[in-house]
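Peer 1: No sequence on hand, only this structure:
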């Protein structure tokens, strides 16, 4: 019962934040709405026993990536742009395309028989060793290569972004 | 399941209610007589030079980028710390390789002067 | 004390439909917003929709592989945001605008 209430609260936060993100005039308001949406998704992770991802969503997404977004919005002057036309010239085409994408996904889920699945039963594993232990074992044993490659990706990100931002200054 | 998170939820509700109640109560109690002089800088305070919504320097952005990247690094270390005992030297070796690659990036950024506040 | 095994009242389907709606909203924002920054934020929305699906299926199958995929998606999103936003800064410096309509040098 409590679960259902929390699901609807978080779903409302997620969808409401997403709608505000794509419709707000000011980029700053969009970014703040996106933070609300990400918080909603974090809550949904928690409902599905993904505690580690909940923490990562808050620390990395909201505390890191969104701060970057806010910095860039403060770096570029968008006061002028906020007064102009907000949508690009192909907005009608875009609307049709996005409705089609949504309909296609629901149709696909339906034809795969996913829509008639029963309610998920809580995983019994979560009472034993927690979510993070299982995740750590998987990450450091089976997914060893992706883990090491991730460090290369981060190295490339440091070099690329510092080079580009240095040139701008 | 949210059952275990009930204390956190109660804490959140209290934290949300406190400022709302405080602001609303203050609004109801205090007298209201707004005039422009009240908004100026007090006594010998300096008058604001420009809008605080102006543009920032790009230096803040470089620091923010490095923060995000090393944030990710720290998050990767967390599961290792949880499973440190059972992973043993194998885990240490893995994490060392991971850290060495990132330290290369750190040293590069340092040499490049990205961390300098000119 | 072992917790009482309550079946969740929220079916898996709801999560999937929510994630489909979130993805469609991301696509909509991507296709019809003009500012490059908002377009980028729509990409984050789509990534989150996919992450939610991963976690949902992971929960259903009682495995943590999906959590790990989501984690890597987040790591890639962080790297992508760092580089992408630096590119946006450079574009703004060179063109003086972030309107996707006006950044069209590649157009014939």
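Peer 2: Alright, I've got the coordinates. As the structure is a prediction and not an experimental result, all values here were calculated from the model.

Peer 1: pLDDT (mean, whole number) over the helix or strand harbouring residue B:22?
Peer 2: Applying DSSP states H and E as the criterion places residue B:22 in helix B:6-29. Mean pLDDT, computed over helix B:6-29, is 91.

Peer 1: likewise stretch C:44-56?
Peer 2: pLDDT averaged over stretch C:44-56 gives 93.

Peer 1: does any bit of that stretch sit next to chain B?
Peer 2: No - Stretch C:44-56 does not reach chain B (CB under 8 Å from any CB of the partner chain); its nearest approach is 13.4 Å. For glycine as for every other residue, the C-beta is placed from the backbone atoms N, C-alpha and C.

Peer 1: contacting residues around that stretch?
Peer 2: A:18, A:21-22, A:34, A:37-38, A:41, A:44-45, A:48, A:50, A:53, A:61, A:65, C:12, C:15-16, C:18-20, C:22-23, C:25-27, C:29-30, C:66-67, C:69-70, C:73-74, C:77, C:81 (CB atoms under 8 Å, 6 or more residues apart in numbering or on different chains).

Peer 1: what about that stretch, distance to the chain center?
Peer 2: In terms of CA atoms, centre = their mean, to the nearest Å, the centre of stretch C:44-56 is found 6 Å from the chain centre.

Peer 1: what are the ranges of the strands in chain C?
Peer 2: Under the criterion DSSP state E, chain C contains no strands.

Peer 1: The nearest residue to residue A:155 once chain neighbours are set aside: what secondary structure?
Peer 2: Nearest non-adjacent residue to residue A:155, counting by CB to CB, 6 or more residues apart in numbering or on different chains: residue B:105, 4.3 Å away. Here residue B:105 is recorded as helix under DSSP: H, G, I helix; E, B strand; the rest coil.

Peer 1: so residue B:105 makes contact with residue B:66?
Peer 2: No - because the distance of 9.0 Å does not satisfy CB atoms under 8 Å, residue B:105 is recorded as not touching residue B:66.

Peer 1: joint contacts of those two?
Peer 2: In terms of CB under 8 Å, 6+ apart, residue B:105 and residue B:66 are both contacted by the residues residue A:158.

Peer 1: Quick check: pLDDT value at residue B:99.
Peer 2: Here the pLDDT value assigned to residue B:99 is 93.

Peer 1: so what does the helix or strand hosting it touch, helix or strand wise?
Peer 2: Assigned by DSSP H and E, residue B:99 falls within helix B:84-112. Helices and strands touching helix B:84-112, by 3 or more CB pairs under 8 Å, 6 or more residues apart in numbering or on different chains; DSSP states H and E, are helix A:144-168, helix B:59-82.

Peer 1: Kindly reformat those as a markdown table containing mean neighbour count.
Peer 2: As requested, the helices and strands packed on helix B:84-112 are exported to a markdown table (neighbours: other CB atoms under 10 Å in any protein chain shown):
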| stretch | mean neighbour count |
| --- | --- |
| helix A:144-168 | 19 |
| helix B:59-82 | 19 |
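
Peer 1: Residue C:107: which of these is closest?
Peer 2: Shortest separation from residue C:107 across these is recorded for helix A:144-168, at 23.4 Å, computed as CB to CB.

Peer 1: That closest one - contacts with which helices or strands?
Peer 2: By 3+ CB pairs under 8 Å, 6+ apart, helix A:144-168 packs against helix B:59-82, helix B:84-112, helix C:65-95.

Peer 1: who's in contact with it?
Peer 2: Outside helix A:144-168, the residues touching it (CB under 8 Å, 6+ apart) are A:139-140, B:58, B:61-62, B:65-66, B:69, B:72-73, B:76, B:94, B:97-99, B:101-102, B:104-106, B:108-109, B:112, B:114, C:72, C:75-76, C:78-79, C:82-83, C:85-87, C:89-90, C:93.

Peer 1: per-residue confidence for residue 78?
Peer 2: By default, I'm working from chain A. For residue A:78, the model assigns a pLDDT of 66.

Peer 1: looking at chain C here, not the other one
Peer 2: For residue C:78, the pLDDT comes out at 92.

Peer 1: ditto for residue B:75
Peer 2: pLDDT, residue B:75: 91.

Peer 1: cool, residue C:7 as well?
Peer 2: Looking at residue C:7, its pLDDT reads 49.

Peer 1: list the contacts for the residue in chain B that chain C sits nearest to?
Peer 2: Taking CB to the nearest CB as the measure, chain B has residue B:65 as its residue closest to chain C, at 4.7 Å. Residues near residue B:65 by CB under 8 Å, 6+ apart: A:68, A:157-158, A:161-162, A:165, C:82, C:86.

Peer 1: pLDDT-wise, what's the bottom of those?
Peer 2: Among the contacts of residue B:65, residue A:165 has the weakest pLDDT, 80.

Peer 1: Now residue B:46: phi and psi?
Peer 2: Note on residue B:46: its backbone torsions stand at phi -80, psi 140 [degrees, to the nearest 10].

Peer 1: Is there a neighbour count for residue 50? I'd like the number.
Peer 2: Going with chain A. Other residues within reach of residue A:50, judged by other CB atoms under 10 Å in any protein chain shown, total 27.

Peer 1: My question was about chain B, not that one.
Peer 2: So residue B:50, with other CB under 10 Å, has 6 neighbours.
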